[in-house]
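J.: predicted model, plus sequence, below.
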Amino acid sequence: MKKLIHKLYGGLRFTWPRLIAYAVAAAALTAVFLIFPIFEGTSFHRMGVYLEAWIFLAILIMANCKTPLESALKTFVFFLISQPLIYLFQVPFSSMGWSLFGYYGYWFFLTLLTFPAAFVGWYITKKNWLSLLILAPVLAFLGTVFIETARETVLCFPRLLIAALFCLGQILLYVYLFTSNVWQKLVGLLAALAAAAFILLTTKAVDVHWTMYWPDDPGL
């Protein structure tokens, strides 16, 4: 398992053709989760609404790049391809038709932000205290979503159990991969929990997920 994890985060070759295939596959899978009613309100449907799955996909790209510029370019292109494709795949199945693209402007702005974010984010691969500082907002966000989805799972078991476990798994994985000693790992875990608790307390846990595709949740 250890060898597999390190192969996935540093041993993959994201050539441009593979990156494009990766983007198309991610878009197709997301569209399936949004189109079919069986996925509505589940952990899988969240891939088309919230950010945690896309953080996972982006960090996978960053960890397999050799330079910060390569990380920025490939992450940006990945999102530039995948996001409009998700809308395009949904058009034939949605009552909104081509009007779905009215929501793309919101995500295109966030796509532009992926370039500087992935440039800086690449430095998490250095596995030092600066890496942990860069990673901290991601850990805090994932910690927040974990607490919220875990609470919803308790209330409506097992509605968001997979989402909760997925966020917790990402936190543990990134702390394991992108830190070099036990003190960094401990600080990373504590920072994630403390920041998540602070965010939830100060916002009273009201919609802190950072909606991605549907700012006004219009539905299909």
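T.: Thanks, I have it. Keep in mind that what you see is a predicted model, and the values were worked out from it rather than measured.
J.: what does the helix or strand harbouring Ala25 rub up against?
T.: Applying DSSP states H and E as the criterion places Ala25 in helix 16-35. With contact meaning CB atoms under 8 Å, 6 or more residues apart in numbering, helix 16-35 is reached by 14, 39, 44-45, 47-48, 53, 57, 61, 74, 77-79, 81-83, 85-86, 89-90, 93-94, 213, 220. Using the backbone N, CA and C atoms, a C-beta is placed for each residue, glycine as well.
J.: same question, stretch 4-12
T.: When contacts are defined by CB under 8 Å, 6+ apart, stretch 4-12 is touched by residues Leu60, Ala63, Asn64, Thr125, Leu173, Tyr176, Leu177.
J.: for the residue most central in space within the chain, which non-adjacent residue is spatially closest?
T.: Closest residue to the average C-alpha location of the chain: Ile55 at 2.3 Å, with CA atoms, centre = their mean. In space, not counting the residues next to it along the chain, Ile55 is nearest to Val138; the distance is 6.1 Å by CB to CB, 6 or more residues apart in numbering.
J.: for the lengthiest helix in the chain, list every residue counted as buried.
T.: In terms of residue count, the longest helix belonging to the chain (DSSP state H) is helix 129-155. Buried residues in helix 129-155, counting neighbours by 16 or more other CB atoms under 10 Å, are found at 131-132, 134-135, 138-150, 152-153.
J.: okay, now the unreliable bits of this structure?
T.: 204-220 (pLDDT under 70).
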